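Novice: turn this into a structure:
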Amino acid sequence: MDAGTAALYLSNGANFVVAPALDVETAKSATAGRYPYFPGCGSVTEITQAHELGCEIIKIFPGDSVGGPAFVKSVRGPCPWAALMPSGGVECTEENLAAWFGAGAACVSIGSALLTKELLNKKDYDGIGAKWSRRLR
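Specialist: Model prediction:
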(Lines give C-alpha, C1' and ligand atoms only; values in the text may rest on other atoms or scores of the structure.)
Protein backbone atom coordinates (compact mmCIF):
# COMPACT_ATOMS: atom_id res chain seq x y z
CA MET A 1 0.00 0.00 0.00
CA ASP A 2 2.98 2.35 0.47
CA ALA A 3 6.62 2.77 -0.51
CA GLY A 4 7.97 1.91 2.94
CA THR A 5 6.16 -1.41 3.11
CA ALA A 6 7.19 -2.24 -0.46
CA ALA A 7 10.83 -1.44 0.38
CA LEU A 8 10.66 -3.71 3.43
CA TYR A 9 9.44 -6.67 1.36
CA LEU A 10 11.90 -5.99 -1.46
CA SER A 11 14.79 -5.83 1.01
CA ASN A 12 13.70 -9.22 2.32
CA GLY A 13 13.84 -10.89 -1.09
CA ALA A 14 10.63 -10.03 -2.93
CA ASN A 15 11.10 -9.67 -6.68
CA PHE A 16 8.03 -7.56 -7.45
CA VAL A 17 5.28 -5.51 -5.79
CA VAL A 18 1.54 -6.12 -6.17
CA ALA A 19 -0.95 -3.74 -4.58
CA PRO A 20 -4.72 -3.20 -4.52
CA ALA A 21 -4.29 0.49 -5.38
CA LEU A 22 -1.93 2.82 -7.23
CA ASP A 23 0.53 4.68 -4.98
CA VAL A 24 2.77 7.20 -6.75
CA GLU A 25 5.68 6.90 -4.29
CA THR A 26 5.62 3.11 -4.43
CA ALA A 27 5.63 3.23 -8.22
CA LYS A 28 8.60 5.62 -8.30
CA SER A 29 10.56 3.59 -5.75
CA ALA A 30 9.89 0.17 -7.26
CA THR A 31 10.47 1.13 -10.88
CA ALA A 32 13.63 3.12 -10.00
CA GLY A 33 14.99 -0.08 -8.47
CA ARG A 34 13.89 -1.98 -11.57
CA TYR A 35 11.30 -4.00 -9.66
CA PRO A 36 8.00 -4.67 -11.40
CA TYR A 37 5.11 -2.88 -9.72
CA PHE A 38 1.56 -4.08 -10.41
CA PRO A 39 -0.82 -1.48 -8.95
CA GLY A 40 -4.54 -2.05 -8.74
CA CYS A 41 -6.37 0.38 -10.99
CA GLY A 42 -10.06 0.77 -11.73
CA SER A 43 -10.21 3.63 -14.24
CA VAL A 44 -8.55 4.75 -17.45
CA THR A 45 -7.08 7.70 -15.55
CA GLU A 46 -5.38 5.40 -13.04
CA ILE A 47 -4.22 3.03 -15.78
CA THR A 48 -2.67 5.90 -17.73
CA GLN A 49 -1.02 7.32 -14.61
CA ALA A 50 0.42 3.88 -13.71
CA HIS A 51 1.80 3.51 -17.22
CA GLU A 52 3.38 6.98 -17.06
CA LEU A 53 5.01 5.98 -13.75
CA GLY A 54 6.73 3.04 -15.44
CA CYS A 55 4.34 0.17 -14.71
CA GLU A 56 4.49 -2.29 -17.57
CA ILE A 57 1.58 -4.49 -16.47
CA ILE A 58 -1.34 -2.92 -14.68
CA LYS A 59 -3.58 -4.87 -12.33
CA ILE A 60 -7.30 -4.27 -12.86
CA PHE A 61 -8.82 -4.50 -9.41
CA PRO A 62 -11.36 -5.59 -8.50
CA GLY A 63 -11.69 -7.03 -11.98
CA ASP A 64 -15.23 -8.29 -11.77
CA SER A 65 -16.51 -5.18 -9.99
CA VAL A 66 -15.06 -2.59 -12.38
CA GLY A 67 -16.77 -4.20 -15.35
CA GLY A 68 -15.21 -7.58 -15.96
CA PRO A 69 -13.90 -8.56 -19.37
CA ALA A 70 -16.03 -5.84 -20.99
CA PHE A 71 -14.02 -3.21 -19.07
CA VAL A 72 -10.72 -4.68 -20.29
CA LYS A 73 -11.99 -4.69 -23.87
CA SER A 74 -13.24 -1.12 -23.58
CA VAL A 75 -9.92 0.13 -22.18
CA ARG A 76 -7.84 -1.65 -24.81
CA GLY A 77 -9.63 0.30 -27.57
CA PRO A 78 -8.28 3.76 -26.72
CA CYS A 79 -5.25 2.38 -24.84
CA PRO A 80 -3.90 -0.50 -26.97
CA TRP A 81 -0.53 -0.15 -25.20
CA ALA A 82 -2.08 -1.09 -21.85
CA ALA A 83 -1.02 -4.53 -20.64
CA LEU A 84 -3.81 -5.38 -18.21
CA MET A 85 -3.92 -8.08 -15.54
CA PRO A 86 -7.39 -8.58 -14.06
CA SER A 87 -7.49 -9.65 -10.43
CA GLY A 88 -10.67 -10.37 -8.51
CA GLY A 89 -13.35 -12.37 -10.25
CA VAL A 90 -10.90 -14.49 -12.23
CA GLU A 91 -11.85 -18.13 -11.99
CA CYS A 92 -10.06 -21.34 -12.93
CA THR A 93 -12.50 -22.26 -15.66
CA GLU A 94 -11.94 -22.36 -19.38
CA GLU A 95 -14.97 -20.13 -19.96
CA ASN A 96 -13.85 -17.44 -17.50
CA LEU A 97 -10.24 -17.40 -18.65
CA ALA A 98 -11.29 -17.33 -22.31
CA ALA A 99 -13.47 -14.28 -21.58
CA TRP A 100 -10.61 -12.37 -19.95
CA PHE A 101 -8.02 -13.27 -22.60
CA GLY A 102 -10.53 -12.75 -25.39
CA ALA A 103 -11.09 -9.23 -24.08
CA GLY A 104 -7.38 -8.49 -24.32
CA ALA A 105 -5.95 -9.26 -20.88
CA ALA A 106 -2.17 -9.73 -21.01
CA CYS A 107 -2.29 -12.12 -18.07
CA VAL A 108 -4.53 -12.81 -15.06
CA SER A 109 -4.10 -12.90 -11.30
CA ILE A 110 -5.84 -15.69 -9.43
CA GLY A 111 -5.71 -15.71 -5.65
CA SER A 112 -8.44 -17.20 -3.52
CA ALA A 113 -9.75 -19.31 -6.40
CA LEU A 114 -6.44 -21.19 -6.27
CA LEU A 115 -5.59 -21.12 -2.58
CA THR A 116 -8.53 -21.12 -0.22
CA LYS A 117 -8.10 -20.68 3.53
CA GLU A 118 -9.14 -24.31 3.93
CA LEU A 119 -6.28 -25.55 1.75
CA LEU A 120 -3.77 -23.33 3.50
CA ASN A 121 -4.96 -24.36 6.97
CA LYS A 122 -4.17 -28.00 6.11
CA LYS A 123 -0.57 -26.96 5.28
CA ASP A 124 -0.35 -29.68 2.63
CA TYR A 125 1.76 -27.58 0.28
CA ASP A 126 2.87 -30.55 -1.83
CA GLY A 127 -0.77 -31.56 -2.23
CA ILE A 128 -1.76 -28.04 -3.22
CA GLY A 129 1.00 -27.91 -5.82
CA ALA A 130 0.11 -31.31 -7.22
CA LYS A 131 -3.59 -30.45 -7.41
CA TRP A 132 -3.08 -27.26 -9.36
CA SER A 133 -0.28 -28.47 -11.60
CA ARG A 134 -2.60 -31.27 -12.80
CA ARG A 135 -5.59 -28.97 -13.21
CA LEU A 136 -3.80 -26.18 -15.07
CA ARG A 137 -2.13 -28.38 -17.70
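
Novice: run through this protein and note the low-pLDDT ranges.
Specialist: For the chain, the stretches with pLDDT under 70 are 131-137.

Novice: where do the strands sit along it?
Specialist: 17-18, 37-38, 40-41, 57-60, 83-86 (DSSP state E).

Novice: so of those strands, which one's packed in deepest?
Specialist: Per residue and on average, the most neighbours among the strands of the chain fall to strand 57-60, with a mean of 26 (mean count of other Cβ atoms under 10 Å). Placement of C-beta: from N, CA and C, glycine included.

Novice: centroid residue for the protein?
Specialist: residue 59 (4.0 Å; Cα atoms, centre = their mean).

Novice: so that residue makes contact with residue 108?
Specialist: No - counting by Cβ atoms under 8 Å, residue 108 is not a contact partner of residue 59; they are 9.9 Å apart.

Novice: report the set of residues contacting both of the two.
Specialist: 85, 86, 87 (Cβ atoms under 8 Å, 6 or more residues apart in numbering).

Novice: can you pull the contacts of the closest residue to residue 23 other than its chain neighbours?
Specialist: Spatial nearest neighbour of residue 23, chain neighbours left out: residue 2 (5.9 Å); criterion: Cβ to Cβ, 6 or more residues apart in numbering. By Cβ under 8 Å, 6+ apart, residue 2 lies in contact with 23, 25, 26.
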